[in-house]
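[1] Give the three-dimensional model of this entry:
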Amino acid sequence: MKKITLLALTLTLAVSLHAAEIDRAAAALAGTEASFTQSFTPKGFTKPQTESGTVVFGTLPMMRWSYASPEEKLFVFDGERSWFYVPGDKQVTVTRLDGARRAELPFLLVGDSAARDKNFVTSEKTQGNVVVSRLTPRSASAMIRSISVEIDKNTHLIRRVAYTDREGNQTAFNLTFRRKRPEAAAFFRFIPPAGVQVVEQ
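    Residues are numbered from 1 along each chain as shown. This next block holds a predicted model:
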């Protein structure tokens, strides 16, 4: 489940909307805090596994996800490195992303129109005050098979991201934005507490 969570976070912002919409969404996310509920439904199952917490976005791709239920966990990304900390395990996994690995992470496509157009085919429609974008990866070997993103047409904030991976598992994130919360770059880094095992990847 913990590896699934990390994978899901890696894909949380893999939204390749129409260029104008993704640019507005990226700008609107910066300096905000939201409550989130994440559901994960493994292939062949109907009942999802649910987690919840809060997320703070910096200038993308910086973000800090704090899981509160059912288990306390933390995922922090500063744009170059990620930290995945599980207090109950007294372990933090640190990953430094080189150019090749960054190119494989869809959430880095936010605001990158060239990479977005290269990797996804996008269709879009408006339903009331919500813009719904559906994305299909161009590569048959891509980890993601389909993505659906709902954006508030007025605020440009993302309400929901749902996707299916190549194994047939389904993940969805629902976001409820609460307030502006500008944070310094240091907030999007993590210093492991004393006694915590550090695993470098």
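[2] contacts, neighbours, all on C-alpha from now
    Fine.
[3] which residues does V94 contact?
    Residues near V94 by C-alpha atoms under 8 Å, 6 or more residues apart in numbering: 81-84, 198-201.
[4] Kindly apply the preceding question to M62 instead.
    Contacts of M62 (C-alpha under 8 Å, 6+ apart): 76-79, 188.
[5] If you rank the residues you listed by neighbours, which is first?
    F77 (25 neighbours; other C-alpha atoms under 10 Å).
[6] Please report how far it lies from T93.
    Applying C-alpha to C-alpha, to the nearest Å, the value for F77 to T93 is 12 Å.
[7] Likewise for E200?
    6 Å.
[8] Just checking, which helix or strand of the chain averages the lowest pLDDT?
    helix 2-12 (a mean of 52; mean pLDDT, DSSP states H and E).
[9] immediately after that helix, which helix or strand?
    Proceeding N to C from helix 2-12, the next assigned helix or strand is helix 19-29, under DSSP states H and E.
[10] ok so, going back, now the contacts of M62 in a markdown table, with distance to L135, pLDDT and secondary structure?
    A markdown table is the format used below for the contacts of M62 (distance: C-alpha to C-alpha, whole Å; pLDDT from 0 to 100; DSSP: H, G, I helix; E, B strand; the rest coil):
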| residue | distance to L135 | pLDDT | secondary structure |
| --- | --- | --- | --- |
| V76 | 26 | 94 | strand |
| F77 | 24 | 91 | strand |
| D78 | 26 | 91 | coil |
| G79 | 24 | 83 | coil |
| F188 | 28 | 96 | helix |
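[11] Lovely, talk soon.
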